[in-house]
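Colleague: quick one, what's the 3D model for this:
(2 chains)
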2 protein chains.
Amino acid sequence: MSAPKHPVVKPYLITRRLKPENQETPIQFIENDFISNNLFYRRNHFTYPKLTYSNYFLPINGLVTTPLLLSMQNILQLPSKTLEVVLECSGNKRSLFEPKVFGEQWGKGAISQGIWKGVPLRTLLGYSGIMEGAKEVVVEGYDFGKRTDIDKVFSYTRSLPLEKALHPDTIIAYEFNNQPLSFKHGFPFRLIVPQWYGMASVKWIKQISVIAAHFTGPFQNIDYMYYPNQENDEGAHPVTTMNVNSTIQRPLDMARLNKGKNVIRGMAWTGKGIITKVEISTDSGHTWSEAQVGDSKSGYKWVPWSYEWNPVEKGMFTVMSKASDSFGQTQSTKPYWNRNGYGYNAIDQVKVKVE
Amino acid sequence: MSAPKHPVVKPYLITRRLKPENQETPIQFIENDFISNNLFYRRNHFTYPKLTYSNYFLPINGLVTTPLLLSMQNILQLPSKTLEVVLECSGNKRSLFEPKVFGEQWGKGAISQGIWKGVPLRTLLGYSGIMEGAKEVVVEGYDFGKRTDIDKVFSYTRSLPLEKALHPDTIIAYEFNNQPLSFKHGFPFRLIVPQWYGMASVKWIKQISVIAAHFTGPFQNIDYMYYPNQENDEGAHPVTTMNVNSTIQRPLDMARLNKGKNVIRGMAWTGKGIITKVEISTDSGHTWSEAQVGDSKSGYKWVPWSYEWNPVEKGMFTVMSKASDSFGQTQSTKPYWNRNGYGYNAIDQVKVKVE
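Modeller: Numbers count the residues shown, from 1 in each chain, chains lettered A, B, ... in the order given. As a prediction, the model looks like this:
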C-alpha cells in the first residue's frame, strides 16, 4: 500500500462539445507562453477524418501553369520556415457577448500558440505557377460532413486572397513545437495563416486550387461572417484579421485576495501590427496605468504583460486590461456585437474582493 | 507515418484552481450515472498531505470507553457495507448566484457519485464504546494549512452530531467503484456522509474523537455556514443536508437545435428523502410537464430523467427543470442567496435556439 508522494496537479482542456470535438485551453492556468500540444484548443466542424497516409499526395491545381501532385517527401524536402504564431478561434470569448449569442459558448481559451515549421504556400505556388486572372487560392481539408442549414455534405474549405496566399509567412505546417504535427491538429499538413483568425488555418489539407473568382463555400459565405443585425443580413462582412485583444490570467474572476502586493498578469495580441501598450485599471476603468509588456517585436505571438497592484484597502474591485496596437487599434468598453458572436475584443475584466 | 484510426475524444475535469486542486466534473458530458475516478470532482482546502502508510494507524479517542488504535488491516477485516452515494460540494453552482458571490466559481459539476465500500463509523464506535455526555464525533483529516483569515495552521476537521455519526450508512470508505480509494479522494480512509453536502465527508482520516460539546473549528463555524446578509453575520446557520436539485445535461446552454424530436435529459437529487417528480418547462416556466424519472428508491444517488420535446416552430426557448422530493421540497425560481454561495438549488435552465 502506497500513494504518490507528489500527486500531479494539472489543468485540462475545457470541454464545450464532444461531437465534433471542441475543447478550449485552460488559459488562466497557463503559466508562461508555452502551450503543450495536449492543451492546445481543439475546434472542429466535423468528426475527425479517416486518412490513409500510405498514399497521401497533395494536388495543386486550377489556374496553375503546371498542376502538381506532391508526395509528403516532396514537401518535407523543400526549404522550410519556422514561425511562432498565435491561433485564435474567431468565436473566442463568445460567451461574453450581451445579448448572448447562440453557438459554442467559448470562454477566454479558444486561443493557443506555438512554433510552427512548414513550407511557405508561396513556394509550392512558385513551382506550380499561377495563371493570369487568378484571384484566390482555395484550400480544402479532409474533414467533411453534413451541415444543419443545407441538406448537403461539404468538406471544410476556405480561400485566401492571392496576396495573403503569397505572403511569405503563410505556410503549410508539418511540425508544432518541434514535433510532427499531431493528428488532431491537422497531420500531415495544415495551413497556418498568421494574423487571421483560426478558421483560415485549414487542417488535413487535401487539395489546393487556384481560382479566378471569389470562393463562395458555406464556411466563408454563411459562417465566419459578421452579421451586425439580429433580424437580417444587412452589413454582413467576412471574418479575417484578428482584433487587438487582451486577457487577464491572474487574478481569477471572483477571487479573494489579500491586501498588499498582488501581481496582475495576462496576455495581449493583435492581427495586423504589434502590441504597443497594455493599460490596467483597478477602479472599474476610471484611471489607467501602463503594464509591463514583454517583447512584442515578433508580431505573430501574444505578449505577456504584468502589473504590480498594491491595494491598501479592503473592498471589491473591478480589474481591467486594455491593449493597443501599432495600427492604432485599442480595445473598447463594448464589443462589436454580431449575431454569430465573432471577434469579441472588449476590454477584459475580472472582479475581485480584497480582504 | 500513421495516425490513429479512431482518435479518442473525451471530456476532462474543468479547472477552477490548481493550488489547492479544485476541478469539477464535466457533468453535461456524463452520458450515464457512472463517474470514473478521474472525472470525479476534486475539492481541496489545502495542498495534498504527505502520508506514510507503512505506519498508518487510526486513533479513536476522546469520550470513549476504550480508546483504540486501529491498523489498516483491523479496519479492512471488519464487516463492510457498500452504498451508492452522491457527493455534492456545497459550493456547486455558486457561479449562478445573482448578485455574484466571491470564491471558487463552480459551475454545475461540483457533484459526482459512485459506489463506496467501507465500515460503518457506528461499528468502530461500537468497539470503542461511547461515554455518557457525548455529543459529537470529530473527524480530522491529514490535510492541513494556513487560513487566510486566521494566521494559524489548521487541519481540515469537521464534526457530526452523534445521531448522524451513528447512522448505519455513515461509513469509513476504502473502496470507490470496486477499486481502492484513490489518493486524491482520501486514501486510505475517507468518511462518507450520505445526504449531507460533501464538506462532511472528510478525506485522509487521521483521527476520530468523541466530544461532549459542539465542535467550533473554522471549517464548521466560519466556512460552511449560510450567511444570508452581505454586511453582517445575522441569521448564520450551518450547511448540512443537500437541497433538492436538478441539472439539465442536454441540450447544452445556448445550443442550436433542429425542429422535431429533441430529448431533454438530466439528473435530480436531494438530501433527505427521495426524488418524487421532475417537471420540465420549455416556455420559460409558464407550463410544466412531468419528465420520465429513473428509479429513485435507493435515495442516496441522483436519478436520471428525460423528456421528449418536439418543437414545431423556430425560435428561442428557455428550457427549465424542477425537481421535488418526498419531504415536500421543490426547487424554486430564486435561489436562497447567501454571502458565501452555498446550497444553490434554483430551478435549472438553459436557453436554446430552434432552427
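
Colleague: only C-alpha atoms for contact and neighbour calcs from this point on.
Modeller: Fine.

Colleague: quick check: residues of the stretch 151-300 of chain A near chain B?
Modeller: Listed as neighbours of chain B in the stretch 151-300 of chain A under the rule CA under 8 Å from any CA of the partner chain: A:183-184, A:187, A:254-256, A:258.

Colleague: again, only using 6 Å
Modeller: A:254-255 (CA under 6 Å from any CA of the partner chain).

Colleague: which parts of the stretch 151-300 of chain A are helices?
Modeller: A:162-165, A:218-221 (DSSP state H, counting those that start in this stretch).

Colleague: please put the alpha-carbon coordinates of the lengthiest helix in chain A into PDB.
Modeller: Scanning chain A for the longest helix, with DSSP state H as the assignment, gives helix A:121-128. C-alpha atoms of helix A:121-128 as PDB (Å, rounded to 0.1, in the frame of the first residue of the first chain):
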ATOM      1  CA  LEU A 121       2.500  28.200 -49.600                       C
ATOM      2  CA  ARG A 122       4.200  30.700 -51.900                       C
ATOM      3  CA  THR A 123       7.000  28.100 -52.600                       C
ATOM      4  CA  LEU A 124       4.500  25.500 -53.700                       C
ATOM      5  CA  LEU A 125       2.700  28.000 -55.900                       C
ATOM      6  CA  GLY A 126       6.000  29.100 -57.300                       C
ATOM      7  CA  TYR A 127       6.600  25.500 -58.600                       C
ATOM      8  CA  SER A 128       3.100  25.200 -60.000                       C
END
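
Colleague: using TSV, lay out the helices of the stretch 151-300 of chain A together with mean pLDDT.
Modeller: Below are the helices of the stretch 151-300 of chain A laid out as TSV (pLDDT from 0 to 100):
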stretch	mean pLDDT
helix A:162-165	98
helix A:218-221	96
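
Colleague: which of these sits closest to B:T52?
Modeller: Closest approach to B:T52 among the helices of the stretch 151-300 of chain A is made by helix A:218-221 (57.7 Å; CA to CA).

Colleague: contact partners for the residue in the stretch 51-200 of chain A that chain B sits nearest to?
Modeller: Closest to chain B within the stretch 51-200 of chain A is A:F102: 4.8 Å, counting by CA to the nearest CA. Counting by CA atoms under 6 Å, 6 or more residues apart in numbering or on different chains, A:F102 touches B:M254.

Colleague: got JSON lines for the helices of the stretch 151-300 of chain A, with distance to A:L83 too?
Modeller: Formatted as JSON lines, those follow (distance: least, CA to CA, whole Å):
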{"stretch": "helix A:162-165", "distance to A:L83": "16"}
{"stretch": "helix A:218-221", "distance to A:L83": "26"}
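
Colleague: for A:F46, which of those is the nearest?
Modeller: Comparing those by CA to CA, helix A:218-221 comes nearest, at 12.3 Å.

Colleague: now the helices of the stretch 151-300 of chain A as JSON lines including mean neighbour count?
Modeller: Listed next are the helices of the stretch 151-300 of chain A as JSON lines, based on neighbours: other CA atoms under 10 Å in any protein chain shown:
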{"stretch": "helix A:162-165", "mean neighbour count": "17"}
{"stretch": "helix A:218-221", "mean neighbour count": "17"}
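
Colleague: between these, which one is closest to A:G141.
Modeller: Comparing those by CA to CA, helix A:218-221 comes nearest, at 11.8 Å.

Colleague: in the stretch 151-300 of chain A, which residue sits closest to chain B?
Modeller: A:M254 (4.8 Å).

Colleague: ends of stretch A:163-181, what's the gap?
Modeller: Stretch A:163-181 has an end-to-end distance of 26 Å (criterion: CA to CA, to the nearest Å).

Colleague: before we move on, what about stretch A:23-30?
Modeller: End-to-end distance of stretch A:23-30: 15 Å, with CA to CA as the criterion.

Colleague: try stretch A:293-306
Modeller: Distance across stretch A:293-306, first residue to last, is 7 Å (CA to CA).

Colleague: ditto for stretch A:33-52
Modeller: End-to-end for stretch A:33-52, by CA to CA: 34 Å.

Colleague: I'd like the average pLDDT over it.
Modeller: Across stretch A:33-52, the average pLDDT comes to 94.

Colleague: skipping its backbone neighbours, what lies nearest A:C89 in space?
Modeller: A:G198 (4.8 Å; CA to CA, 6 or more residues apart in numbering or on different chains).

Colleague: how close does that neighbour sit to A:G343?
Modeller: Using CA to CA, A:G198 is found at 11 Å from A:G343.

Colleague: now A:F183
Modeller: 27 Å.

Colleague: how about the nearest residue to A:Y224, chain neighbours excluded?
Modeller: A:V239 (5.3 Å).

Colleague: verify the stated contact: the one you found with A:M225.
Modeller: Yes - under the criterion of CA atoms under 6 Å, A:V239 makes contact with A:M225 at 5.3 Å.

Colleague: so what's the spatially closest residue to A:V293 that is not a sequence neighbour bridging to?
Modeller: Among residues not flanking A:V293 along the chain, A:W305 sits closest, at 4.3 Å (CA to CA, 6+ apart). A:W305 forms beta bridges with A:G266, A:V293, as assigned by DSSP bridges.

Colleague: ok, A:N232 - how many residues close by?
Modeller: Summarising burial for A:N232: neighbours were counted as other CA atoms under 10 Å in any protein chain shown, giving 10.

Colleague: starting at the chain centroid, how far to the helix or strand harbouring A:K351?
Modeller: Using DSSP states H and E, A:K351 maps to strand A:348-354. Centroid separation between strand A:348-354 and its chain, computed with CA atoms, centre = their mean, to the nearest Å, is 25 Å.

Colleague: listing partners with orientation, what would you give for that strand?
Modeller: strand A:255-257 (parallel), strand A:315-325 (antiparallel).
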